[in-house]
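Student: Quick one, fold the following:
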Amino acid sequence: MAKYATCATFAFAMSCVVSGCSESSSVTYIEIPDVAEVVSSSSENTELSSSSSQKSTHSSSSEKFAASSSSEKSSSSSSKPVSSSSEKVAASSSSAKSSSSTENSFFSATWREDCLAKINEYRATENLELLTLAPEEKQTCTDQEAADDLAENKAHGHFGNCGEGAQNSGPNFSTSWRKTATEATDAFLKMMWEDEKALVTSGERDPDKREDYSYIGHYLNMKGNYKTVACGIALTEDGKKGWLNINFFRK
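Tutor: So this is what the prediction gives:
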(Lines give C-alpha, C1' and ligand atoms only; values in the text may rest on other atoms or scores of the structure.)
Protein backbone atom coordinates (compact mmCIF):
# COMPACT_ATOMS: atom_id res chain seq x y z
CA MET A 1 0.00 0.00 0.00
CA ALA A 2 1.45 3.32 -0.99
CA LYS A 3 1.92 5.88 1.73
CA TYR A 4 0.77 9.44 1.36
CA ALA A 5 1.03 12.37 3.67
CA THR A 6 -0.48 15.79 3.89
CA CYS A 7 0.78 18.15 6.53
CA ALA A 8 -0.49 20.52 9.13
CA THR A 9 1.70 23.51 9.78
CA PHE A 10 1.89 26.26 12.35
CA ALA A 11 3.53 29.57 11.58
CA PHE A 12 5.73 31.38 14.07
CA ALA A 13 6.47 35.08 14.24
CA MET A 14 10.18 34.33 14.12
CA SER A 15 9.79 32.18 11.02
CA CYS A 16 9.54 29.02 13.04
CA VAL A 17 7.04 26.36 12.11
CA VAL A 18 5.65 23.03 13.26
CA SER A 19 3.77 20.40 11.34
CA GLY A 20 2.92 16.75 11.27
CA CYS A 21 2.38 13.98 8.76
CA SER A 22 1.23 10.41 8.80
CA GLU A 23 -0.19 7.94 6.34
CA SER A 24 -3.16 10.32 6.17
CA SER A 25 -3.57 13.93 7.29
CA SER A 26 -4.44 17.46 6.19
CA VAL A 27 -3.01 20.96 6.13
CA THR A 28 -3.66 23.69 8.68
CA TYR A 29 -1.70 26.64 10.03
CA ILE A 30 -1.75 28.02 13.54
CA GLU A 31 -0.15 31.28 14.63
CA ILE A 32 2.39 31.19 17.41
CA PRO A 33 3.16 34.08 19.74
CA ASP A 34 6.12 36.39 19.36
CA VAL A 35 9.43 35.14 20.73
CA ALA A 36 9.37 37.68 23.54
CA GLU A 37 6.00 36.36 24.63
CA VAL A 38 7.18 32.79 24.36
CA VAL A 39 10.22 33.39 26.52
CA SER A 40 8.36 35.32 29.20
CA SER A 41 5.25 33.17 29.25
CA SER A 42 5.00 30.35 31.74
CA SER A 43 3.21 28.27 29.13
CA GLU A 44 5.54 26.60 26.60
CA ASN A 45 4.33 28.14 23.33
CA THR A 46 6.16 27.78 20.05
CA GLU A 47 5.59 26.96 16.46
CA LEU A 48 4.88 23.47 15.28
CA SER A 49 5.37 22.74 11.66
CA SER A 50 5.72 19.33 10.25
CA SER A 51 4.33 16.19 11.72
CA SER A 52 1.68 13.67 10.97
CA SER A 53 -0.08 15.25 13.88
CA GLN A 54 -0.67 19.01 13.82
CA LYS A 55 -1.31 21.13 16.84
CA SER A 56 -2.01 24.68 17.76
CA THR A 57 -0.28 26.83 20.31
CA HIS A 58 -1.88 27.85 23.59
CA SER A 59 -2.54 31.34 22.31
CA SER A 60 -4.36 30.55 19.08
CA SER A 61 -5.41 26.93 18.86
CA SER A 62 -8.08 27.52 16.24
CA GLU A 63 -6.64 30.30 14.06
CA LYS A 64 -6.01 29.08 10.49
CA PHE A 65 -3.58 30.39 7.92
CA ALA A 66 -3.46 29.96 4.16
CA ALA A 67 -1.79 26.84 2.88
CA SER A 68 0.78 28.93 1.09
CA SER A 69 2.13 30.05 4.44
CA SER A 70 3.48 26.56 5.01
CA SER A 71 6.82 27.73 3.73
CA GLU A 72 7.96 30.15 6.38
CA LYS A 73 11.20 32.06 6.07
CA SER A 74 14.13 29.71 6.14
CA SER A 75 17.72 30.17 7.12
CA SER A 76 20.03 31.71 4.58
CA SER A 77 20.53 29.67 1.46
CA SER A 78 24.22 29.77 2.19
CA SER A 79 23.81 28.21 5.61
CA LYS A 80 24.63 24.55 5.90
CA PRO A 81 22.77 22.09 8.12
CA VAL A 82 24.44 20.51 11.10
CA SER A 83 23.08 17.10 12.00
CA SER A 84 22.24 15.80 15.45
CA SER A 85 23.71 12.51 14.35
CA SER A 86 27.20 11.37 15.19
CA GLU A 87 27.70 11.05 11.44
CA LYS A 88 27.92 13.88 8.91
CA VAL A 89 24.82 14.85 6.98
CA ALA A 90 25.55 14.58 3.28
CA ALA A 91 22.34 15.88 1.74
CA SER A 92 22.90 19.57 1.81
CA SER A 93 26.54 19.88 2.65
CA SER A 94 29.37 17.41 2.63
CA SER A 95 31.12 19.61 5.16
CA ALA A 96 28.27 19.63 7.67
CA LYS A 97 29.55 19.43 11.23
CA SER A 98 28.50 16.62 13.52
CA SER A 99 26.41 17.39 16.56
CA SER A 100 28.66 15.12 18.57
CA SER A 101 31.40 17.68 18.18
CA THR A 102 32.46 19.18 21.48
CA GLU A 103 32.15 22.63 19.91
CA ASN A 104 28.38 22.24 19.65
CA SER A 105 26.83 22.48 23.10
CA PHE A 106 23.26 22.36 21.75
CA PHE A 107 23.27 18.55 21.73
CA SER A 108 23.86 16.47 24.84
CA ALA A 109 24.90 12.83 24.68
CA THR A 110 21.48 11.77 25.98
CA TRP A 111 19.11 14.10 24.14
CA ARG A 112 17.52 11.26 22.13
CA GLU A 113 16.91 9.30 25.32
CA ASP A 114 15.38 12.46 26.79
CA CYS A 115 13.09 12.71 23.75
CA LEU A 116 11.99 9.09 24.19
CA ALA A 117 11.45 9.54 27.93
CA LYS A 118 9.23 12.58 27.41
CA ILE A 119 7.09 10.79 24.80
CA ASN A 120 6.71 7.79 27.11
CA GLU A 121 5.86 10.08 30.01
CA TYR A 122 2.88 11.34 28.04
CA ARG A 123 1.89 7.89 26.77
CA ALA A 124 1.93 6.53 30.32
CA THR A 125 -0.81 8.98 31.31
CA GLU A 126 -3.14 7.01 29.02
CA ASN A 127 -1.74 3.59 29.94
CA LEU A 128 -0.29 3.15 26.46
CA GLU A 129 2.54 0.79 25.63
CA LEU A 130 5.89 2.49 26.04
CA LEU A 131 8.05 3.00 22.99
CA THR A 132 11.73 2.17 22.58
CA LEU A 133 14.37 3.97 20.55
CA ALA A 134 14.59 2.87 16.94
CA PRO A 135 17.95 1.42 15.78
CA GLU A 136 20.87 3.76 15.15
CA GLU A 137 20.38 3.68 11.39
CA LYS A 138 16.84 5.03 11.85
CA GLN A 139 18.15 7.81 14.09
CA THR A 140 20.78 8.75 11.51
CA CYS A 141 18.17 8.62 8.75
CA THR A 142 15.89 10.92 10.75
CA ASP A 143 18.77 13.37 11.16
CA GLN A 144 19.22 13.28 7.40
CA GLU A 145 15.52 13.94 6.80
CA ALA A 146 15.68 16.92 9.14
CA ALA A 147 18.75 18.27 7.34
CA ASP A 148 17.11 17.82 3.94
CA ASP A 149 13.86 19.45 5.09
CA LEU A 150 15.85 22.33 6.55
CA ALA A 151 17.88 22.78 3.38
CA GLU A 152 14.71 22.82 1.24
CA ASN A 153 12.54 24.58 3.84
CA LYS A 154 9.88 21.96 3.22
CA ALA A 155 7.96 20.34 6.07
CA HIS A 156 7.62 16.59 5.62
CA GLY A 157 9.47 16.99 2.36
CA HIS A 158 11.11 13.59 2.76
CA PHE A 159 8.42 11.83 4.77
CA GLY A 160 8.69 8.05 4.49
CA ASN A 161 12.36 7.97 3.53
CA CYS A 162 13.19 6.19 6.78
CA GLY A 163 10.21 3.82 6.68
CA GLU A 164 8.26 5.75 9.31
CA GLY A 165 4.49 5.53 9.61
CA ALA A 166 4.09 9.00 11.12
CA GLN A 167 6.17 12.11 11.62
CA ASN A 168 5.93 15.14 13.91
CA SER A 169 8.10 18.13 13.08
CA GLY A 170 9.22 21.41 14.56
CA PRO A 171 10.65 23.31 11.57
CA ASN A 172 12.73 26.46 11.49
CA PHE A 173 12.90 27.02 15.23
CA SER A 174 15.32 29.57 16.64
CA THR A 175 17.98 28.24 18.97
CA SER A 176 17.65 31.48 20.93
CA TRP A 177 14.18 30.23 21.90
CA ARG A 178 15.51 27.04 23.52
CA LYS A 179 19.19 26.56 24.22
CA THR A 180 19.50 22.77 23.96
CA ALA A 181 18.06 19.92 21.91
CA THR A 182 16.32 18.53 24.99
CA GLU A 183 14.71 21.87 25.87
CA ALA A 184 13.48 22.41 22.32
CA THR A 185 12.14 18.87 22.01
CA ASP A 186 10.39 19.03 25.39
CA ALA A 187 8.70 22.30 24.42
CA PHE A 188 7.45 20.95 21.10
CA LEU A 189 6.24 17.69 22.65
CA LYS A 190 4.38 19.59 25.35
CA MET A 191 2.46 21.57 22.75
CA MET A 192 1.88 18.54 20.55
CA TRP A 193 0.41 16.50 23.39
CA GLU A 194 -1.13 18.88 25.90
CA ASP A 195 -2.52 21.55 23.59
CA GLU A 196 -3.95 19.11 21.07
CA LYS A 197 -5.31 16.68 23.65
CA ALA A 198 -7.16 19.62 25.20
CA LEU A 199 -8.98 20.11 21.89
CA VAL A 200 -10.11 16.48 22.07
CA THR A 201 -11.16 16.38 25.71
CA SER A 202 -13.08 19.64 25.31
CA GLY A 203 -15.02 18.14 22.41
CA GLU A 204 -13.80 20.84 20.04
CA ARG A 205 -12.06 18.27 17.83
CA ASP A 206 -12.94 14.64 17.09
CA PRO A 207 -10.18 12.03 16.51
CA ASP A 208 -12.59 10.10 14.29
CA LYS A 209 -13.07 13.00 11.89
CA ARG A 210 -10.47 13.21 9.15
CA GLU A 211 -10.96 16.95 8.81
CA ASP A 212 -9.86 17.42 12.43
CA TYR A 213 -6.54 15.65 11.96
CA SER A 214 -4.71 18.83 11.06
CA TYR A 215 -5.56 20.21 14.50
CA ILE A 216 -4.76 17.16 16.62
CA GLY A 217 -2.49 15.05 14.44
CA HIS A 218 0.64 15.48 16.56
CA TYR A 219 -1.22 14.16 19.60
CA LEU A 220 -2.69 11.25 17.65
CA ASN A 221 0.74 10.33 16.31
CA MET A 222 2.28 10.42 19.77
CA LYS A 223 -0.36 8.06 21.15
CA GLY A 224 -0.53 5.87 18.06
CA ASN A 225 0.08 2.15 17.80
CA TYR A 226 3.80 2.38 17.18
CA LYS A 227 6.72 0.46 18.66
CA THR A 228 9.80 2.61 18.19
CA VAL A 229 10.69 6.26 17.69
CA ALA A 230 13.59 8.24 16.25
CA CYS A 231 14.34 11.87 17.11
CA GLY A 232 16.47 13.97 14.77
CA ILE A 233 17.54 17.60 14.70
CA ALA A 234 19.55 19.50 12.12
CA LEU A 235 21.00 22.97 12.66
CA THR A 236 22.13 25.57 10.19
CA GLU A 237 25.89 25.99 10.03
CA ASP A 238 25.70 29.17 12.10
CA GLY A 239 23.64 27.30 14.71
CA LYS A 240 20.86 29.89 14.75
CA LYS A 241 18.08 27.77 13.27
CA GLY A 242 17.03 24.20 13.86
CA TRP A 243 14.64 21.62 12.44
CA LEU A 244 13.19 18.78 14.49
CA ASN A 245 11.72 15.58 13.06
CA ILE A 246 10.27 12.83 15.24
CA ASN A 247 9.56 9.61 13.34
CA PHE A 248 7.30 6.83 14.60
CA PHE A 249 7.74 3.24 13.42
CA ARG A 250 5.50 0.17 13.51
CA LYS A 251 8.42 -1.99 14.56
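Student: in the host helix or strand of residue 142, what counts as buried?
Tutor: Taking DSSP states H and E as the criterion, residue 142 maps to helix 136-152. By neighbour count with 16 or more other Cβ atoms under 10 Å, helix 136-152 contains the buried residues 138-151. In this view, the C-beta of every residue, glycine as well, is placed from N, C-alpha and C.
Student: burial measure for residue 202, as a count.
Tutor: Neighbours of residue 202 under the rule other Cβ atoms under 10 Å: 9.
Student: I meant residue 132, not that one.
Tutor: Other residues within reach of residue 132, judged by other Cβ under 10 Å, total 12.
Student: what pLDDT does it get?
Tutor: Predicted confidence (pLDDT) for residue 132: 99.
Student: distance of the nearest residue in space to it that is not next to it in sequence from residue 174?
Tutor: Nearest residue to residue 132 in three dimensions, chain neighbours excluded: residue 228, at 5.4 Å (Cβ to Cβ, 6 or more residues apart in numbering). Taking Cβ to Cβ, to the nearest Å as the measure, residue 228 falls 29 Å from residue 174.
Student: and what of residue 149?
Tutor: From residue 149 to residue 174 the distance is 16 Å (Cβ to Cβ).
Student: do the same with residue 107
Tutor: From residue 107 to residue 174 the distance is 16 Å (Cβ to Cβ).
Student: ok, these two, which is more surrounded?
Tutor: The neighbour count for residue 107 versus residue 174, taken as other Cβ under 10 Å, is higher for residue 107 (22 against 19).
Student: isn't that one right next to residue 181, touching?
Tutor: Yes. Taking contacts as Cβ atoms under 8 Å, residue 107 lies within contact range of residue 181: 4.9 Å.
Student: one step back: now do the following helix or strand past the helix holding residue 142 against helix 136-152: the angle between them, please.
Tutor: Using DSSP H and E, the helix or strand that follows helix 136-152 in sequence is strand 166-174. With axes from the mean of the first three to the mean of the last three Cα atoms, to 10 degrees applied, the angle from strand 166-174 to helix 136-152 works out at 50 degrees.
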